[in-house]
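Peer 1: I would like to see how this sequence folds:
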Amino acid sequence: MNKLIDFIFICCSVIFNVSVSVLYIATRLDDMLLVQVYGGIVISLMIPFTITLLGYLKEKANKRTTISNVVILVYLSLELLLDYILKVPFREILAIHVPYIAVFYVALFSIMAVSFEKIGKWDSW
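Peer 2: Numbering: from 1, shown residues only. Down below sits the predicted model:
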């Protein structure tokens, strides 16, 4: 179970990073269809990241892994709330955009920290 949860986390991390990169490129190209598709992919990652959080809680993983997973879910929830539910143009409002960017970077560093920790354990596979 432990290796499966780690594998799900790593796969979600890769999908998240690729999707966010495509989102930025699509935004610059003003291709709203790609933005919607890859935005949906990013938001849908809430499900597997929630599964990994529950798995890590069940196996009593270290606190850093659990907190990092929570931070990722907070970012994804914030993204869902601002972009899809409230549909606030928060990227144009500096008072909202700056904290959003801060939460994004904390989530991104959390993904990288947990991924490197889990990949290091793969040597024993």
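Peer 1: closest to the centroid, which residue in the protein?
Peer 2: residue 72 (4.8 Å; Cα atoms, centre = their mean).
Peer 1: report the contact partners of it.
Peer 2: 49, 107, 110, 111 (Cβ atoms under 8 Å, 6 or more residues apart in numbering). For every residue, glycine as well, the C-beta is placed using N, CA and C.
Peer 1: can you pull the contacts of the closest residue to residue 46 other than its chain neighbours?
Peer 2: Among residues not flanking residue 46 along the chain, residue 76 sits closest, at 4.7 Å (Cβ to Cβ, 6 or more residues apart in numbering). Contact partners of residue 76, counting by Cβ under 8 Å, 6+ apart, are 42, 43, 45, 46, 49, 107.
Peer 1: in the protein, where is pLDDT below threshold?
Peer 2: Within the chain, the stretches with pLDDT under 70 are 1, 121-125.
Peer 1: can you give me the helices in it?
Peer 2: 2-29, 32-44, 46-58, 63-79, 94-121 (DSSP state H).
Peer 1: got these as JSON lines, with distance to residue 88 columns?
Peer 2: As requested, the helices of the chain are exported to JSON lines (distance: least, Cβ to Cβ, whole Å):
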{"stretch": "helix 2-29", "distance to residue 88": "16"}
{"stretch": "helix 32-44", "distance to residue 88": "14"}
{"stretch": "helix 46-58", "distance to residue 88": "19"}
{"stretch": "helix 63-79", "distance to residue 88": "11"}
{"stretch": "helix 94-121", "distance to residue 88": "7"}
